[in-house]
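> Next come a sequence and a model predicted from it.
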Amino acid sequence: MPVSIALADYGVGNLHSIRKALENCGARVAVVEDMGALLEAECIVFPGVGAFSKTMEKLLPIREDIVSRLADGVPCLGICIGMQIMFDRSEEGSSPGLGFLEGDVVRLKAKKIPHMGWNTVETADGLFEGVESKHFYFAHSYCGDPAEDIVIGRTDYYSEFASLVKKGNTYGTQFHPEKSSFSGMKFLANFVAFAEECL
Amino acid sequence: MRLLTKRIIPCLDVVEEGVVKGVKFKNLRGVGYPPDMAAEYERQGADEIVFLDISASVKGRKTLLDIVKKTAEKLFVPLTVGGGIRGKEDMRDALTAGADKVSINTVAVQHPETITACAEDFGRQCVVVAIDAKREGGSWVVYTHGGRRRTSVDAIEWAVRAQALGAGEILLTSMDADGTQDGYDIELTAKVADTVNIPVIASGGCGRPEHILEVFERTNADAALAASIFHYGQHTVAEVKGYLKENGVEVR
């Protein structure tokens, strides 16, 4: 039975590529506008579109319930802003984050911002198994600064930052796998396989 | 310290009927159909794709959004959409249809606060400010309305202001070089790329792979946009990237 993924729709941005990519990997995908539906999902994907406070607007009312689902081990992938909202807070906006990941989201320490383009991820994580090129697409001005031991992949852009984190069954990527061509598709296929194993 | 690889971006001009203007592409199904062409360029190694709506009519806009949606379902590199975007709601429509970034030009010059409003709602990484610049003596002047209307705005000053207002990237087209196939405007590109701290895409004038090498060697541009060099089957993206690599430019 293919895993059923709830893809959170915050009301802005391109969800077609991530939905199609996950479907191509064999998952069933439901795009959910009602954030409450995330609580019933077998697997949750927070896509990487939008700005911090706008994105959190829809999630704030069910913040604690979501965190307890993640703590219970429901497989989850947060991409870019979808990962950043899982931290306590962000320098980008005044809204609090979900607070599932300990730490803040901080502005990149770089001369040229946004960090926009293809960069490499140094990691030994299983989701990179079979990934031929380590180049992934990034488009962000902020990054997670975890206060706990969850960093499993790093990227160097003027200085090093956390580009891949994992806590329980929750993965967070600062890069966009759905925009990273063949490497990204392989990564997502590995994530879907991981989510199926979690069931 | 590691820097980003240089990006190669094929640009497709989409007309009202939803096809690409003037393309003679060999060995490709669905010639002129943007979703297929974009996917083919991804396969060749394109780092991003740009769609430019050159019809700028209501009918053309509807067709474009439909094309963007079909493209987003089979394209897994970033897609930028531009041409005739009149404000935040147009940008939202393009993003929802499947664009990852949207470029704005005329509306940004006429209502600069649009840049800030879009950056706040969608994130500044989505907001590309396109600048069409034409040389006048020792400086460059901004043109709007698809290059038809001259403004009194200085291009370098405008780039700095756009950055301050929230632009995530500058798509810089030299109107003098555009269409010549004689190479990018090195002086203009160098000046803008050295002045702002956001990524700059060089555009206009690319006729040969040497031109792309030149713009990366002589300026701090982050990306090079090109159309005819790819559309007419002269070179694949992979060939251009191989050439850049041989000459010491880091590409994906």
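Alright, I've got the coordinates. Numbering: from 1, shown residues only, chains lettered A, B, ... in the order given.

> Quick one: name the residues of chain A near chain B.
A:12-14, A:16-17, A:20-21, A:49-51, A:54, A:81, A:111-120, A:133, A:135, A:137, A:139-141, A:156-159, A:176, A:178-182, A:184-185 (C-beta under 8 Å from any C-beta of the partner chain). C-beta coordinates here come from the backbone N, C-alpha and C atoms, glycine included.

> Buried ones in the longest strand seen in chain A, by neighbour count?
Secondary structure of chain A per DSSP state E: the longest strand is strand A:159-167. Using 16 or more other C-beta atoms under 10 Å in any protein chain shown as the test for burial, strand A:159-167 gives A:Phe161, A:Ala162, A:Ser163, A:Leu164, A:Val165, A:Lys166, A:Lys167.

> partner residues bridging the last one?
On the basis of DSSP bridges, A:Lys167 takes part in beta bridges with A:Thr170.

> That one touches A:Leu98, doesn't it?
No - assessed by C-beta atoms under 8 Å, A:Lys167 is found out of contact with A:Leu98, at 11.7 Å.

> still on that earlier bit, which other helices and strands contact the longest strand of chain A?
When contacts are defined as 3 or more C-beta pairs under 8 Å, 6 or more residues apart in numbering or on different chains; DSSP states H and E, strand A:159-167 packs onto strand A:142-146, strand A:151-157, strand A:170-173.

> Quick one: list the elements packing against the first one.
The helices and strands touching strand A:142-146, judged by 3+ C-beta pairs under 8 Å, 6+ apart, are helix A:81-84, strand A:103-107, strand A:159-167.

> Figure out how far that strand is from the centre of its chain.
Per C-alpha atoms, centre = their mean, to the nearest Å, the displacement of strand A:142-146 from the mean C-alpha position of its chain is 12 Å.

> For it, list every residue counted as buried.
A:Tyr142, A:Cys143, A:Gly144, A:Pro146.

> likewise the second one?
Applying a neighbour-count criterion of 16+ other C-beta under 10 Å, one finds A:Val151, A:Ile152, A:Gly153, A:Thr155, A:Tyr157 buried in strand A:151-157.

> List the contacts of B:Leu188.
B:Ala133, B:Arg135, B:Trp140, B:Ala155, B:Leu172, B:Ser174 (C-beta atoms under 8 Å, 6 or more residues apart in numbering or on different chains).

> what do you get if the cut-off is 7 Å, keeping everything else the same?
B:Ala133, B:Trp140, B:Ser174 (C-beta atoms under 7 Å, 6 or more residues apart in numbering or on different chains).

> secondary structure element for it?
B:Leu188 belongs to helix B:186-195 when assigned by DSSP states H and E.

> Same check on B:Ala39?
Going by DSSP H and E, B:Ala39 is in helix B:34-44.

> strand partners of the helix or strand just after that helix, parallel vs antiparallel please.
Note on helix B:34-44: by DSSP H and E, the next helix or strand toward the C-terminus is strand B:49-53. Within its sheet, strand B:49-53 is paired with strand B:7-14 (parallel), strand B:79-82 (parallel), according to DSSP bridges.

> Spell out which residues of the stretch 101-250 of chain B are next to chain A.
B:Glu120, B:Asp121, B:Phe122, B:Gly123, B:Arg124, B:Gln125, B:Gly168, B:Glu169, B:Asn197, B:Ile198, B:Pro199, B:Asp222 (C-beta under 7 Å from any C-beta of the partner chain).

> Compute the number of surrounding residues for the fourth one.
Going back to what we said before, that points to B:Gly123. Per other C-beta atoms under 10 Å in any protein chain shown, the neighbour tally for B:Gly123 reads 30.

> And for it, nearest residue in space, chain neighbours not counted?
Nearest non-adjacent residue to B:Gly123, counting by C-beta to C-beta, 6 or more residues apart in numbering or on different chains: A:Ala51, 4.5 Å away.

> surely that neighbour meets B:Thr116?
No - A:Ala51 is beyond contact range of B:Thr116, at 11.8 Å (criterion: C-beta atoms under 7 Å).

> So for those two, which sits in the more crowded spot?
Using other C-beta under 10 Å as the criterion, A:Ala51 and B:Thr116 rank with A:Ala51 on top: 26 against 15.

> Contacts only, for the more buried one.
Counting by C-beta under 7 Å, 6+ apart, A:Ala51 has contacts A:Glu92, A:Gly93, B:Glu120, B:Asp121, B:Phe122, B:Gly123.

> These in helices, which ones?
B:Glu120, B:Asp121, B:Phe122 (DSSP state H).
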